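> I'd like to go over a predicted model; first the sequence, then the structure.
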Amino acid sequence: MLALSGVDIDVAPDEFVTLVGPSGCGKSTLLKLFGGLIQPSEGTLAFDGRPLERPSRSIGMVFQRPVLLPWRSVLDNILFPVEMLGWRIGDYLEEAKRLIALVGLAGFERARPDELSGGMQQRVSICRALVYDPKILLMDEPFAALDAMTREEFGVELLDIWTRRRKTIVFVTHSIPEAVLLADRVAVMTPRPGRIVREIAVRLPRPRSLAMEFTPEFKEHVETIRALIHGGLGGRP
Amino acid sequence: MSVLARMRAAMREYAGAALILVGLLVAWQLVCDLAGVPVWLLPTPLRIVAETWKLRAVLPEHVLATLWAVLGGFFLALASGVPLAVAVVYSRLLRRVLYPPLLMLQSVPKVAIAPLLLIWVGYGLSSRMIVAATVAFFPILINTATGLEAADAELLDLTRSFDAGRLKVFWKVRLPWALPYLFSSLKVAITLAVIGAVVAEFVGADKGLGYLILTSAGNMQTALMFGALVLLSLLGMVSFYAVVSVEKLLCPWYLPAGEEKGAR
């Protein structure tokens, strides 16, 4: 059985693309392909014009769960990529501390993951993906484990980080409003087999804010996507 | 928390258990005294203490002999179990080659092969260490292998994108991840090492607490037998809690069920 079929997508440098679709539409599989973690049975992937055959240090990843190292402090968890890459820790210490402050974890540098809430742990994992400054960030429902309020706050926080340090982000979600609020472009996916039914350019000004969710343009985007996902029924079935 | 407050808290926690223990000892003493139970059948607690105290000059030697056998066996099991676990986790070939004979060894009762080991290695301390090690070894191998394979799959995916070598992933991710698994097996292993040491002393030794139990049984010195048993269980408890303390030191992020997280 095919998880994905006939998927064709280009992501431009510094673009923010969200993949949205129901469970089982292959969004996570597509993201794993982008990360070079798995290989396609057919077709090719290219990154900077070269074929992508294995994980690359230019591609950072954030998962649904924080997947931190439970024995390491917040600071050491964030510096983990630097250590594994064999770079000098000292060169990245300042950067790590800046990121910790940016996500509101100042004062928790020495805390261990089990002393933090789920939301705080996820912030640590986002810092870990940012610290070594990969060109591309792949995020697989990174806010899924958070409650609705923290989730919206995080979205805005992520956009803030993305504006300050330009990079390409591919962001998987099953929340349509989240997909619209964050993206330059939303790729709408449907299951069996997983494919991209349409790509929608989001015409909302930047910087985005939560208040935009009440504008007609925002609602129009959400309705269009909802209709695509529910098979052209228009709105909720 | 101040030392005094901590002591008071500990006293409150253990007061019940201590009371029950003292109550049982008193009841034991009274029943034996009043019913006139013969001393070779069931000596009173006071008699046990008195008889054991008479041997105070030679007891340390016996206790130390057993302690060395236990510790030697334990560390031998640790030093062989962990590398073997690494071998079977990293090499499918070694797993195929090593597991069957190891399983065979495990399914043979160690009491049954102890005499054989004594013939091969001789009657010294080293043979007792080896017997203790064979008993303690298996859980360490199994648990460590499980722990080394238990590292989070997504975390391993992540390390792949950092181009890190396998050795680095082993030291920085897999091994620390396996530590709690290792320690839960070490707690089993240390008590098994005590069993192994005593078995070896039963089969052939000229000192040790197992030897003391065997000879006092032969002479119908039941009180001394009890004394040796108490010392043996004390030795087992102390070594068990030594392992627990090292675990707390090395795996502070991992607290066994029932331990309060805030109490640090």
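Thanks, I have the structure now.
> quick check: mean pLDDT across the longest helix along chain A?
Of all segments of type helix in chain A, defined using DSSP state H, the longest is helix A:148-164. Across helix A:148-164, pLDDT averages out at 83.
> same check, this time on stretch B:128-139
On average, stretch B:128-139 scores 93.
> Quick one: residues in contact with it.
B:68-70, B:72-74, B:76-77, B:80-81, B:102, B:105-106, B:110, B:113-114, B:117-118, B:121, B:185, B:188-190, B:192-197, B:199-201, B:203, B:205, B:208 (Cβ atoms under 8 Å, 6 or more residues apart in numbering or on different chains). C-betas here are computed from N, CA, C, even on glycine.
> then that stretch to CSV, C-alphas only?
C-alpha atoms of stretch B:128-139 as CSV (Å, rounded to 0.1, in the frame of the first residue of the first chain):
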residue,chain,number,x,y,z
ARG,B,128,33.5,-18.5,45.3
MET,B,129,33.6,-15.2,43.4
ILE,B,130,33.1,-17.1,40.1
VAL,B,131,30.1,-19.0,41.5
ALA,B,132,28.6,-15.8,42.8
ALA,B,133,29.2,-14.2,39.4
THR,B,134,27.5,-16.9,37.4
VAL,B,135,24.4,-16.5,39.5
ALA,B,136,24.4,-12.7,39.3
PHE,B,137,25.4,-12.3,35.7
PHE,B,138,22.3,-13.1,33.7
PRO,B,139,19.9,-10.4,34.8
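> so, in contact with chain B or not, the lowest-mean-pLDDT helix or strand in chain A?
Of all helical and strand segments in chain A, the minimum by mean pLDDT, DSSP states H and E falls on strand A:50-51, at a mean of 80. No. Applying Cβ under 8 Å from any Cβ of the partner chain, one finds strand A:50-51 separated from chain B by no less than 15.8 Å.
> could you say what helices and strands the helix or strand just after that strand packs with?
Counting by DSSP states H and E, the next helix or strand C-terminal to strand A:50-51 is strand A:59-62. Contact here means 3 or more Cβ pairs under 8 Å, 6 or more residues apart in numbering or on different chains; DSSP states H and E; on that basis strand A:59-62 packs against helix A:118-131, strand A:136-140.
> What are the contacting residues of stretch A:33-41?
The contact list for stretch A:33-41, computed with Cβ under 8 Å, 6+ apart, reads A:2, A:4, A:29, A:32, A:45, A:52-56, A:59, A:61, A:136, A:138, A:170, B:157, B:160-161.
> hang on, the earlier thing: so can I have TSV of the helices and strands packed on strand A:59-62 showing distance to chain B, mean neighbour count and mean pLDDT?
Conversion of the helices and strands packed on strand A:59-62 to TSV gives the following (distance: least, Cβ to the nearest Cβ, whole Å; neighbours: other Cβ atoms under 10 Å in any protein chain shown; pLDDT from 0 to 100):
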stretch	distance to chain B	mean neighbour count	mean pLDDT
helix A:118-131	8	22	90
strand A:136-140	9	23	92
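> separation between residue A:219 and residue A:131?
37 Å (Cβ to Cβ, to the nearest Å).
> Identify the residue nearest the geometric centre of chain A.
Centroid check for chain A by Cα atoms, centre = their mean gives residue A:139 as the closest residue, at 2.5 Å.
> Poorly predicted segments of chain A, please.
For chain A, the stretches with pLDDT under 70 are A:1, A:232-237.
> tell me the helices in chain A, going along the chain?
Under DSSP H, chain A gives helices at A:27-34, A:74-78, A:80-85, A:89-102, A:118-131, A:148-164, A:176-182, A:216-229.
> Any chance of those in CSV with distance to residue B:19 as columns?
Output for the helices of chain A, formatted as CSV (distance: least, Cβ to Cβ, whole Å):
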stretch, distance to residue B:19
helix A:27-34, 58
helix A:74-78, 45
helix A:80-85, 50
helix A:89-102, 51
helix A:118-131, 43
helix A:148-164, 50
helix A:176-182, 60
helix A:216-229, 68
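> among those, which is nearest residue B:59?
With distances scored as Cβ to Cβ, the stretch of the helices of chain A nearest to residue B:59 is helix A:74-78 (48.6 Å).
> Just the residues contacting that closest one, thanks.
The contact list for helix A:74-78, computed with Cβ under 8 Å, 6+ apart, reads A:68-69, A:96-97, A:99-100, A:105, A:108-113, A:116, A:124-125, A:127-128, A:131.
> Okay, now the sheet partners of the least confident helix or strand of chain A, with direction.
Sheet pairing of strand A:50-51 (DSSP bridges) gives strand A:46-47 (antiparallel).
> Other residues contacting the strand it pairs with?
The contact list for strand A:46-47 (Cβ under 8 Å, 6+ apart) reads A:52, A:56, A:58-59, A:136.
> Go again with 10 Å.
Outside strand A:46-47, the residues within contact range by Cβ atoms under 10 Å, 6 or more residues apart in numbering or on different chains are A:10-11, A:34, A:36, A:52-53, A:56, A:58-59, A:135-136.
> And those, which of them are buried?
Buried by 16 or more other Cβ atoms under 10 Å in any protein chain shown: A:11, A:34, A:36, A:52, A:56, A:58-59, A:135-136, out of the contacts of strand A:46-47.
> that older thread, distance between the least confident helix or strand of chain A and the chain's centre?
Relative to its parent chain, strand A:50-51 has a centroid offset of 22 Å by Cα atoms, centre = their mean, to the nearest Å.
> do the same with stretch B:19-36
Distance, centroid of stretch B:19-36 to centroid of chain: 30 Å (Cα atoms, centre = their mean).
> Tell me which residues of it come out buried.
Neighbour count says stretch B:19-36 has B:28, B:32 buried, by 16+ other Cβ under 10 Å.
> Export only the CA atoms of that stretch, formatted as PDB.
Below are the C-alpha coordinates for stretch B:19-36, written out as PDB (Å, rounded to 0.1, in the frame of the first residue of the first chain):
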ATOM      1  CA  LEU B  19       7.900  -1.500  66.900                       C
ATOM      2  CA  ILE B  20       6.600  -4.600  65.100                       C
ATOM      3  CA  LEU B  21      10.100  -6.100  65.000                       C
ATOM      4  CA  VAL B  22      10.800  -5.500  68.700                       C
ATOM      5  CA  GLY B  23       7.300  -6.900  69.500                       C
ATOM      6  CA  LEU B  24       8.000 -10.100  67.600                       C
ATOM      7  CA  LEU B  25      11.400 -10.500  69.300                       C
ATOM      8  CA  VAL B  26       9.900 -10.100  72.700                       C
ATOM      9  CA  ALA B  27       7.100 -12.600  71.900                       C
ATOM     10  CA  TRP B  28       9.700 -15.000  70.600                       C
ATOM     11  CA  GLN B  29      11.700 -14.700  73.800                       C
ATOM     12  CA  LEU B  30       8.700 -15.200  76.000                       C
ATOM     13  CA  VAL B  31       7.200 -18.100  74.100                       C
ATOM     14  CA  CYS B  32      10.500 -20.000  74.100                       C
ATOM     15  CA  ASP B  33      11.200 -19.200  77.800                       C
ATOM     16  CA  LEU B  34       7.600 -20.100  79.000                       C
ATOM     17  CA  ALA B  35       7.100 -23.200  76.900                       C
ATOM     18  CA  GLY B  36      10.700 -24.400  77.500                       C
END
